[in-house]
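Trainee: With the input below, show me the fold.
(4 chains)
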Protein chains: 2
Amino acid sequence: MRDKRAVTIFDVARASGVSYSTVSRVLNGFAFVKESTRQKVLNTAEKMGYVANLQARSLAGGKSQVIGLVIPNLDEGYVNSISSGIDEALTKANYDLMIYTNKYGKEAKYVNSIIHGPSDGLILLVPLIPSSYLDTLRHKHFPHVLIDQIDPSAQSSSINSSNFQGAYEATSYLISLGHRRIGFIGGIPEIHSAQERLKGYKQALSDHQLAWDESLIQTGNFQHQLAYENSQKLLNLSPPPSAIFASNDLSAFGAMEAIRERGLNIPEDISLIGFDDIPQASISYPKLSTVRQPLKEMGKLAVEMLLAQLEQKQSQPQQVILTTKLVIRDSCKGLI
Amino acid sequence: MRDKRAVTIFDVARASGVSYSTVSRVLNGFAFVKESTRQKVLNTAEKMGYVANLQARSLAGGKSQVIGLVIPNLDEGYVNSISSGIDEALTKANYDLMIYTNKYGKEAKYVNSIIHGPSDGLILLVPLIPSSYLDTLRHKHFPHVLIDQIDPSAQSSSINSSNFQGAYEATSYLISLGHRRIGFIGGIPEIHSAQERLKGYKQALSDHQLAWDESLIQTGNFQHQLAYENSQKLLNLSPPPSAIFASNDLSAFGAMEAIRERGLNIPEDISLIGFDDIPQASISYPKLSTVRQPLKEMGKLAVEMLLAQLEQKQSQPQQVILTTKLVIRDSCKGLI
DNA sequence: GGGTGCTTTGCAAGCGCTTGCAAAATGCGG
DNA sequence: CCGCATTTTGCAAGCGCTTGCAAAGCACCC
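Mentor: Residues are numbered from 1 along each chain as shown, chains lettered A, B, ... in the order given. Sure thing, here's the model as predicted:
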């Protein structure tokens, strides 16, 4: 079994000749502690190798220095890039990270255990979250931030990127290249970002006086496999589209596979553009043109907003929208 | 601020007319509780929406149901696949996951805080870990499992895959295809798995009476960029190798890029094989032949071994080696 | 030298839970 | 129906920490 004996504030207190509450106050950066005392305590603590017991601290009503992160899963590029940004920011702020995975579609019924868990706050990076979940969070005044999710009531802080705008630009770019029949592979229809991307696509078409053709629009799920199948359908149309806009990079890769299977070349025979700019996009072949979401940035910002809540600096929920950027690489080409 | 009021065992105890310690025992699956009492308590707890306060439980000496995972970072395919396996197994066993990132090379000086943190046990998925770190873990009898790491003293449980064997097979496969000049892109030389893969490569060559040529062996770091540069060097040799074996898939993708930049085709002009079989390998172009490590499996097994330790079922450290498997896809071709 | 108004420190209680120990129930044989 | 061995239960202490409250120090003034 695990040995638990460790240096406690009592030990530190004894060693530095003060009371344990003074030690506690020093450790928590409390005011009203004489500077000389503070130094003395800090030194002995350091010397004795004191390390705070976070569960005790948390139990007693203090902060646990743990932030929870709810994500759909651990092995998806998009989520990982954001998580990585979160992790970096958290590390810098001296917080630990607790990860709760929650597969798409699986009821997120664990709010309660999370709230009663060690986390001081929660970052939700799950696109489809039941509103009951959010209600609980708000009702208990549990600090949280939403990523890639719109809160219709605007009662929770959230971070999104300009999905509409990005999709609009991507589509416009294809149009400017001369494409007129542009296939669209959507994401999960219930998800806000997916809806926005579709809207952006449609808007760009109509702004350029192009009627959009329902048969060119495929409903997807942000995954490789379905995008692959959807692309096959697109390719079966006559005439097939001369370009495809996939709602995320993963789907774009699915499209790539389908296109290649037909013996077609990207971008010579068909142009392809994605959304996200996950790391793979820049090392695929051909390198994928895509709409970049500032993924790490989103994670970092989420942490900042959450910590601001924790420090009571910011009480009003904020809705932030980060701008996307068209990244042109090698997967699109002008129509001759 | 966060509202903390929650249902405690006292509430449950009162409501079901027993003492709080009885409730505690029921909740912990203790023997010596009358079946009828158990049922009654369980029911009221359920009804009242009781959820255990893990920090309190852990403070009081119980289990926290949290496992710590130390990984280099959050956005790398190989690590994520394993982590994903860990997460699934943990979820199934009703444990939560605490993630500690620890960039390659950065001193892992946080053992102490982890040990004093909420984790009941620790999985270390960091290839380069200072032995002082391990010493602390062992000294404190803190349950832990190593992944992809050899413990020379065999005092810690560890999980590895057959790196030597896998590299041997990959190389032999290339040889059987007629290749004689096979470039090798290594991993971080200090890391055991990297060493084993190099050994496997060399052994395969010498078993086939091929002298190995130092200029064909490049020292890498498992990353895309360096592999790209190393591949350029390889390609500059005269004659260049007709095949390249990269120590991991990420490096293989770096090689792909370099090869393509020369206007060469894979596998027509040059064959390429990787190691790991991360998800991208099967959707790249061409699809990458590689040596599959059972990544998820490794994660799952790590959890099992750790939980066995926690339940004191297994006290002897175990060293497990999982077998790799050659996965032949489209990136290798016989020499004409 | 005593009073006043700070600043600094210490004590005690309590966060929600586990667990050793002792007390209460229960069962069984006689 | 009693005594004794077991099975169940309850009590108290304690895990390491925060924090309200009160006591102690201290500087300064009259």
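Trainee: check contacts around residue A:280.
Mentor: Counting by Cβ atoms under 8 Å, 6 or more residues apart in numbering or on different chains, residue A:280 makes contact with A:77, A:249, A:253, A:288, B:280. C-beta here means a position set from N, CA and C on the backbone, and glycine is covered the same way.
Trainee: quick check, the third one in a helix?
Mentor: Yes. For residue A:253, which was evaluated using DSSP: H, G, I helix; E, B strand; the rest coil, the result is membership in a helix.
Trainee: if I look at it, how far off is DNA strand C?
Mentor: Separation of residue A:253 from DNA strand C (Cβ to the nearest atom of the strand, to the nearest Å): 46 Å.
Trainee: do the same with the fourth one
Mentor: When Cβ to the nearest atom of the strand is the yardstick, residue A:288 and DNA strand C sit 50 Å from each other.
Trainee: Quick check on residue A:332: phi, psi?
Mentor: The phi and psi values for residue A:332, taken as degrees, to the nearest 10, are phi -130, psi 150.
Trainee: pLDDT score for the spatially closest residue to residue A:294 that is not a sequence neighbour?
Mentor: Nearest-residue entry for residue A:294: residue A:322, 5.2 Å, with adjacent residues in sequence omitted and distances by Cβ to Cβ, 6 or more residues apart in numbering or on different chains. In this model, residue A:322 is scored at 98, pLDDT.
Trainee: residues contacting residue A:322?
Mentor: With Cβ under 8 Å, 6+ apart, residue A:322 has these contacts: A:159, A:160, A:161, A:162, A:293, A:294, A:297, A:298, A:301.
Trainee: same deal with residue A:273?
Mentor: Taking Cβ under 8 Å, 6+ apart as the test, what residue A:273 contacts is A:170, A:173-174, A:243-246, A:252, A:288-291, A:331-332.
Trainee: Looking at strand pairing, list the partners for it.
Mentor: With DSSP bridges as the criterion, residue A:273 is bridged to residue A:245, residue A:289.
Trainee: What distance do you get for it to chain B?
Mentor: Relative to chain B, residue A:273 is positioned 17 Å away (Cβ to the nearest Cβ, to the nearest Å).
Trainee: swap in residue A:142?
Mentor: The gap separating residue A:142 from chain B is 5 Å, by Cβ to the nearest Cβ.
Trainee: What is the neighbour count of residue A:336?
Mentor: 5 (other Cβ atoms under 10 Å in any protein chain shown).
Trainee: same thing with residue A:96?
Mentor: 25.
Trainee: and what of residue A:27?
Mentor: Neighbouring residues of residue A:27 were enumerated by other Cβ under 10 Å; the total is 18.
Trainee: do you know how far it is from residue B:329?
Mentor: Using Cβ to Cβ, to the nearest Å, we find residue A:27 at a distance of 56 Å from residue B:329.
Trainee: ditto for residue A:22
Mentor: With Cβ to Cβ as the criterion, residue A:22 and residue B:329 are 66 Å apart.
Trainee: So between these two, which is more surrounded?
Mentor: Shown here are residue A:22 and residue B:329; by other Cβ under 10 Å, residue A:22 has more neighbours (21 against 17).
Trainee: Was I right to think that one contacts residue A:41?
Mentor: Yes. Distance between residue A:22 and residue A:41: 6.8 Å, which falls inside the contact criterion (Cβ atoms under 8 Å).
Trainee: hey, where'd the helices end up in the stretch 51-200 of chain A?
Mentor: A:54-59, A:77-92, A:111-115, A:131-139, A:163-176, A:192-207 (DSSP state H, counting those that start in this stretch).
Trainee: quick revisit: which one among the contacts of residue A:273 gets closest to residue B:215?
Mentor: Nearest to residue B:215 among the contacts of residue A:273 is residue A:288, at 34.4 Å by Cβ to Cβ.
Trainee: How many residues are close by that closest one?
Mentor: The burial count for residue A:288: 27, using other Cβ under 10 Å.
Trainee: what sits against it?
Mentor: Per Cβ under 8 Å, 6+ apart, neighbours of residue A:288: A:249, A:252, A:253, A:272, A:273, A:274, A:280, A:281, A:282, A:329, A:330, A:331.
Trainee: out of the contacts of residue A:322, which is most surrounded?
Mentor: Highest neighbour count within the contacts of residue A:322: residue A:293, with 28 neighbours (other Cβ under 10 Å).
Trainee: OK, contacts around that one?
Mentor: Neighbour list for residue A:293: A:78, A:161, A:166, A:275, A:276, A:277, A:322, A:324 [criterion: Cβ under 8 Å, 6+ apart].
Trainee: Which of those residues lies at the shortest distance from chain B?
Mentor: Set against chain B, the nearest of these by Cβ to the nearest Cβ is residue A:78 (10.3 Å).
Trainee: which one of the contacts of residue A:322 is nearest DNA strand D?
Mentor: residue A:301 (27.3 Å; Cβ to the nearest atom of the strand).
Trainee: Kind regards, and thank you for your time.
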